[in-house]
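Trainee: Compute the structure for the input listed below.
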Amino acid sequence: MPSELRTLSDLDFIRSATELKPVPFVPEISLHMAEDAIALWETTERQRGEAGLAPPFWAFAWAGGVAVARYVLDHPELVDGRAVLDIAAGSGLVGIAAALRGAREVSAAEIDAYAVASIGLNARANGVRVDASLVDLVDGDGAPAEVVLAGDVFYERAMAARFLPFLERAVARGATVIVGDPGRAYLPRERFTAVAAYQVPVVADLEDTEVKTTTVWRLG
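Mentor: Below is the predicted model:
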């Protein structure tokens, strides 16, 4: 579902629950971000009137995404003039970085409706276009994107088991695949080549530390 089709109440909720501010380590980009993950999670469930919703990944700049965004901003040749897919996009940080560095078109895929809405808000706040959709693309190969970007998708076994084949299919059809990872347990490092590493400031309540060494990897 395009972000423009989210209801006004959802957009108002995101604005009220977050603050638009520059992203640490990627100050070129501002996002609608929250301070307290647990409080926002509980508020989101009340807003929707249901329990068991996914955590509000969209309201934070996660280390893997921050690292990929930094890499894209510093290496515009990766995306300039190319079609880009930001998969499991969260806040849209990575896709916004690609749009700022000249991507011909940027798509963002998410399975959380709040994330889709927040991507639209964040893209507009940064003066770029990112076409966000409420869709699960992981059974495909990311076509027709020429570049597939993913921040922090190997944090649990089941998710990693779906994402690795997806990314490998994207590489097999000729796409460039870049992944950010802050040392998650389920990243198969032997399949990737490290292209950069950063000391990324993070929300201590989410990561139990204030800085995480985060690597940018290229698949294939």
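Trainee: can you give me the helices in the protein?
Mentor: Residue ranges of the helices in the chain, as given by DSSP state H, are 8-17, 37-48, 63-74, 93-100, 113-125, 157-172, 204-207.
Trainee: Now do the contacts for the residue nearest the centre of the chain.
Mentor: Among the residues of the chain, the one closest to the centroid is A89, at 3.1 Å (CA atoms, centre = their mean). Residues in contact with A89 (CB atoms under 8 Å, 6 or more residues apart in numbering) are G95, A108, A109, E110, A115, I119, A132. For the C-beta atoms, the positions are set from N, CA and C on the backbone; glycine is no exception.
Trainee: Quick check: the second one vs V202, distance?
Mentor: Remark: distance between A108 and V202 (CB to CB, to the nearest Å) = 22 Å.
Trainee: Give me the more crowded residue out of those two.
Mentor: Using other CB atoms under 10 Å, the more surrounded residue of A108 and V202 is A108, with 32 against 21.
Trainee: what's the closest residue in space to that one that isn't next to it in sequence sitting at in phi/psi?
Mentor: Excluding the flanking residues, the one nearest A108 by CB to CB, 6 or more residues apart in numbering is A89, at 3.8 Å. Backbone torsions of A89, given as degrees, to the nearest 10, read phi -70, psi -20.
Trainee: Quick one, grab the pLDDT at A89.
Mentor: On pLDDT, A89 comes in at 98.
Trainee: Chain neighbours aside, what residue packs nearest to R191?
Mentor: Of all residues beyond its chain neighbours, the one nearest R191 is L219 (6.4 Å), with distances taken as CB to CB, 6+ apart.
Trainee: If I follow the layout properly, the one you found ends up in contact with A175?
Mentor: No: counting by CB atoms under 8 Å, L219 does not reach A175; the two are 9.3 Å apart.
Trainee: higher neighbour count, these two?
Mentor: Each of L219 and A175 has its neighbours counted (other CB under 10 Å); A175 has more, 24 against 19.
Trainee: residues touching that one, list them.
Mentor: Residues in contact with A175 (CB under 8 Å, 6+ apart) are D141, G142, A143, A145, E146, V147, V148.
Trainee: now the residues you listed as a markdown table including distance to L85, neighbour count and pLDDT?
Mentor: Shown next, in a markdown table, are the contacts of A175 (distance: CB to CB, whole Å; neighbours: other CB atoms under 10 Å; pLDDT from 0 to 100):
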| residue | distance to L85 | neighbour count | pLDDT |
| --- | --- | --- | --- |
| D141 | 10 | 20 | 98 |
| G142 | 5 | 26 | 98 |
| A143 | 9 | 15 | 98 |
| A145 | 4 | 25 | 98 |
| E146 | 9 | 20 | 98 |
| V147 | 7 | 21 | 99 |
| V148 | 5 | 25 | 98 |
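Trainee: That'll do, ta.
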